[in-house]
Every structure is written in C-alpha cells, then in structure tokens.
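> here is a sequence with its predicted model. Questions after.
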Amino acid sequence: MRKTAAIILALLGLSLGPSRADELTDIRAVRSFAAEAAKVIEYSNQHKVTATYTVVMKNQARSQLRNTAESTDSPRVKKYAQQAIDAVNANDPATLKRIAQELFTMEGVHGRAD
Amino acid sequence: MGGLIEITLGIMTAVGGFVDISELVFAAQAGSRFGFALIWVFAFSTIGIACYGEMSGRIAAIAKQPVFNLMRQRLGLHWGFPTLIVSSIVNTITCAAEIGGTALVLHLLTGWPYWLLAILSTLVLVVVIWVLPFKWIERSFGLLGLTMICFAVATVQLHPDWHAVAAGFVPQVPRGLPTKDLVVFAYFAVAIVSAVMFPYETYFYSSGGIEENWKPKDLKVNRITTTVGFGLGSLLAIAILINAAILFRPLHIDPQLPGSAALEVAIPFGTTGLLLALLGMLFAISGAAVETGLSTAYSISQFFGWEWGRYKRPHEAPRFTIAWLATFAAALGIVLTGIEPLSLVEWSIVFSIVVLPLTYLPLMLIANDRKYMGEHVNGWLANGIGWTFYAVLVIAAIAALPLYFATQGGQA
Amino acid sequence: MRRDDPLRLLSEVRDLQIVDRDGRNCGICDDVELDGEPGSPLRVAALLVGPGAYSRRFPGWMMRLVRRVAGQRVTSVPWNCIEKITGRIYLSVTGESLGLRKVEDRLERIFQRIPLS
C-alpha cells in the first residue's frame, strides 16, 4: 500500500527536480553511448564485427553524443560528451570505458540499483 | 500428413514473425536495465496475445467476420469510427517505425545512406505485396524471420544462470529499487504488454483467416499456431532480454541504438553471428512493416464494407489497394522527416495500448455470442484469460501516458 | 434472420456488411429507412448505404467534416432486394443493379490498366 502511494506520488510530482532529472537523463545517455562505442571498437579490433557495422555504429554514437552535448545545459555533461566524441574519433575504447565508469559513479544513488 | 505440414508451417511462421522492432528494442533495454526481472511480463503478455489471437482466428473460421466488421457492429459508429481513426494512425506510425528499422538494419549491413534505404525498402515491400500471393507473403517473411533463432543460440552459448532465468518467469517487482526506478519498471512493463499485444497482429491474423477461408476443421491449427507459435516466438524476445542482461548490464550499456542488439550474437559467434543477427532482424522487422501496412488497409476496408484482401488481384480490390499504398507512402513520409525509429517506436507503443481495450472488447463480446459462434463460444478458460487480460489492458491504457511522461520515455 | 421475420432491433441490421448475389462486398448498411404512419406498423422500406447516410449519425461538426471528405452520396437498397440476413446482408440482385459498386467499379477499370494488377 505504501509502495503504491509512493509510485502515485512519483507519477504526480516527480521525485527529482526538473533540472536534476534532465542532467541525470543526459548523464545516462552519454554513459551508455560511450560504453556502446567502446564495445563496438573493441570487437572491431578483434574482428568480431564487420567494418561497415563499426563505421555506422561509431557514426550513430557520435551523432547521439553530439545531440546530447548540444541539448544539455550541464557543463560537465557537455565536457564528457565531447571527450567521448574525441575518443570515438581516436578509436580509443579505454578512454570511452573510463568515461562510462565515471558517469556511472556520478549517477550515484539516483542511478541503477545493481 | 498435410495437416501436420500445415501446423508446422503455421508455427514456424508465427515464431519468425513474432519479434518486431518494438520487442527488439524493449527486450534489449529491459534486460540491460532490470536483468531478468521483466521476463515474466513477456511471458504474461504472450498468454494474452495467444488468447486473443486464438479468439480472432476462431471468429474468422466460424462467424466469418473480420475484426473491423465486428468493431462496427458491436461498438457502433460512435465508438467504432474514432477507434478506426486512432488505430489507423497508430498502425501507420508503427509501420513507419518498422520501415525505419528496416532501413537502419540495411544501413548497418551496407553502409548506404539511410534515407535511400528507406525509399528502396518501401518500394521493395510494395512490389512484394503487389505481386506475391498472400500465403507466400506471410510464409516467406515468417520463415526467413526464423533466422532470429541465432539470438536463442547465443543465449545457450553465453551460459546464463538458468535458475535465475527460471526465477525471472515468476511475477515480481525487484526489491530495493528507488521509487523512480520502480516507476521506470512500471513503464517497461506497460511497454512490453503493448509491444507484444499490438492490435495489428490480430487484425492481420484474423483477416488472413478469412482470406484463407478457414472452417471449423481449421480450429485445431488455429489453436496450435497461436499457442505454440506465439509461445516459441516470445522465447526469442526473451532470449534477446537474457543476452542483454548478461552482456550489456555489467558494462552499463542501455542499448539506445537498434544495432546494439546484433552485438549479442557477434560476441559469442563473431562476424557470422553478427550477419545472421542483422539478417534475422531485417526479415522480422520488414515482415512487421508488411503486416502493419496491410492491417491498416484491412481495418479501413472492413469498416466501410469495401472489397478487400490480398487473395484478390489489386484491380479486384482497388480501394483496399489504395489504402495500403497510402499507408506505406505516409509511413515513408514520416521516416523521411528524420524522426528516429526509436521515437516512433515509443509513440506507437504508448498510443497503441490506448486503442487495445476498444479493439479487444468486440472480440470478447462476439466470441461469447452463440448467435455468431454456435457451439464454438468461449469456454471458461478463454473467458477467464480474456477478461483478466482485458482488465490488465484497461489499467495499462490508463497508466501508459502518465508513465511515459513521468519517465521521459523510460530514459529517466 | 429471414426477411419475413419481424425486426426486433434496428441495430441488428445497421452496420452489417452487404454482399450481393455474386458474393461481392457492396458496402455497409449505414442506416435504415422506415415506412409507416403513427398508429400503423413500422416497416423497413430500404437500407441506406453511403457517407450521406452514416454521417447523419455523427455529431454536427463530425458530420460536416465527413461530408466534406467523403461526400454525401446515399444509395438506397429496397427491402425486397434482400435474400437473407445472417451475420451479413445477402442481396438477391447484383450490386451494380442498385448502384452500389459505382466507385469500386470505376477504380477497377483504372487499375486494370496498371501492369501486373
């Protein structure tokens, strides 16, 4: 009963303030794109995926990171998104994984419960 | 022997045709986000679509009435006409999502420009529907879609904790989640119900039953196709979820790009696996584009009493032909505006579930009406499952839009 | 329901599919025209088919919109042209003889000029 009431309150009011919720969404997005791009580049290096697939996925990751960087108000998200774009251009999975991990830590208590 | 072949082909077609871009996207995201905790929602929803699918097939065989004739008779013009409008819009948006998804997969395979591939794939689908007989259309996409089995093979190869997978089939809400994540969990549950129980599937399936002139002797094939076929098909969607839970969750990946799902097969099987996954996705998604495009034409034609059907030559059912051509043209137009397929998936999921209660109510009413169904009315099992799911759909329909906005489409 | 059975409810006939003698779809029964003075039995004179018939059943603004898009055509199907009514309305004549398949037949002739149709 308590849980149901909490869910209804969350639906009605949103438990986070709007700006924090937006920044969290952007952090999640950049974290995920960076992690996805890291994996694609790694598997490309191991010849587990085709060259075409790698190029297209990297393009899509770059495009999504750019969109997030342009639409976000958060300076730190902008910074991380740009770093991720640079790492994609440099085919640097290690940097991308580091970015993903740092962003995951930043999500903190509002991130996923693993 | 002929009956056994018919049943086998029916099951295989249902399996290969089960997954579309919505299920692909939501299965992968559900797995990466919540592990195995949403498996039960896929299983639960599959029971629902199997029940309503069987009912619509039974009505096609006995009452010889397609869904939108029933819609009009039972809901009347005042409820039926808005339902027709909304479901046509939703079908068209869904068709656009499937065409966008098809173009995306071709883009991953070839590297050609996305917009060019969207136009080419629409043209190919139009020609295929124009030229091929109905049975060939249904069977070819369904059987080619069986390539999606590579996802299930990948699951076995990844050696999941099968006890944990089995536990995922038990209805549950994960413990210890913050309230915000519970709301997102609820959104995913509603989205999965919507994706699995898309109304276009029953429109297409029942119209196909009328086209093929099903009779009481076909009821057994209908029952087996919907239960076994949809059941096995849902296992493919669940395989995608399991793979995402194993591979993406530990890496903090929430797969935002449909191409990420193909990695699930590339990781264990390399380039061959990747290509099989992409081909499977191509046939499954483009098959769904055909179904949604034709479903709109079926709905409109049946509602206004026009000639309809793919068993007729295009000139024998001209308004039906114009309706599906117009649907594909509109869907392609939506894709070419540059709206991302994922956004289209979100909208089609959310708005389709609002239409579901109005779609399935006439089915339930007719399936219980002895005047139409004679001795083949719903038994206690069909009624029990049917009305239970109906209550679930009404709740989901009410909750869908608030959940979508509260969770920013599951991204919060 | 046979045509000489008394009609209990208008809704049993309205919104049913109409099929002609050759088994072809001829639209939906969009409305019903009744015959009879107050004090005498009410009889069904004809079935009405077309946007002019079904648009009347909508609220005013929707009626105007539908008529603008689909027109106001109404075709009358005399009651004595009906063979039987089960889940559908079966005619004893062809659709063309009642003017029911005008749009469909015109489009059919156009489509026949397209290859592979």
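Received, thanks.

> B:Ser87 contacts B:Ile300, correct?
No - the criterion here is CB atoms under 8 Å, and B:Ser87 misses it with B:Ile300 at 9.7 Å. The C-beta positions use only the backbone N, C-alpha and C, and glycine is treated the same way.

> residues touching B:Glu297, list them.
Not Glu; residue B:297 is Ala. If a contact means CB atoms under 8 Å, 6 or more residues apart in numbering or on different chains, then B:Ala297 has B:Trp308, B:Phe320, B:Thr321, B:Ala323, B:Trp324, B:Thr327 as its contacts.

> for those, which one is nearest chain A?
Nearest to chain A among those is B:Thr327, at 27.6 Å by CB to the nearest CB.

> which of B:Ser87 and B:Ile300 has more residues huddled nearby?
For B:Ser87 against B:Ile300, the residue with the higher neighbour count under other CB atoms under 10 Å in any protein chain shown is B:Ser87, and the figures read 29 against 24.

> quick check: that one is in a helix.
Yes - the secondary structure assignment for B:Ser87 places it in a helix, going by DSSP: H, G, I helix; E, B strand; the rest coil.

> so which helix or strand takes in B:Arg33?
Using DSSP states H and E, B:Arg33 falls within helix B:21-34.

> for that helix, packing partners?
Using 3 or more CB pairs under 8 Å, 6 or more residues apart in numbering or on different chains; DSSP states H and E, the elements in contact with helix B:21-34 are helix B:67-110, helix B:179-196, helix B:230-247, helix B:260-304, helix B:341-367.

> as TSV, these with distance to C:Val74 and mean pLDDT would be great.
Formatted as TSV, the helices and strands packed on helix B:21-34 follow (distance: least, CB to CB, whole Å; pLDDT from 0 to 100):
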stretch	distance to C:Val74	mean pLDDT
helix B:67-110	15	91
helix B:179-196	40	93
helix B:230-247	44	95
helix B:260-304	14	94
helix B:341-367	26	89
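
> just want the angle from the helix holding B:Arg33 to helix B:230-247.
Taking axes from the mean of the first three to the mean of the last three CA atoms, to 10 degrees, one finds that helix B:21-34 is oriented at 40 degrees with respect to helix B:230-247.

> helix, strand, or coil at C:Glu33?
When the structure is split into helix, strand and coil by three-state DSSP, C:Glu33 lands in strand.

> in the sheet, who's paired with C:Ala46?
The partner list for C:Ala46 in beta bridges (DSSP bridges) reads C:Glu33, C:Pro78.

> where along chain A do the helices fall?
Secondary structure of chain A, counting by DSSP state H: helices at A:2-13, A:18-45, A:51-71, A:75-89, A:93-107.

> and the ones you listed, which is most packed in?
Mean neighbour counts were compared across the helices of chain A using mean count of other CB atoms under 10 Å in any protein chain shown; the top stretch is helix A:18-45, at a mean of 22.

> against which helices or strands is that one packed?
Helices and strands touching helix A:18-45, by 3+ CB pairs under 8 Å, 6+ apart, are helix A:51-71, helix A:75-89, helix A:93-107, helix B:260-304.

> and it, what's its mean pLDDT?
Taken as a whole, helix A:18-45 carries a mean pLDDT of 86.

> ok, stretch C:99-111 next?
Summarised as a single mean, pLDDT over stretch C:99-111 is 89.
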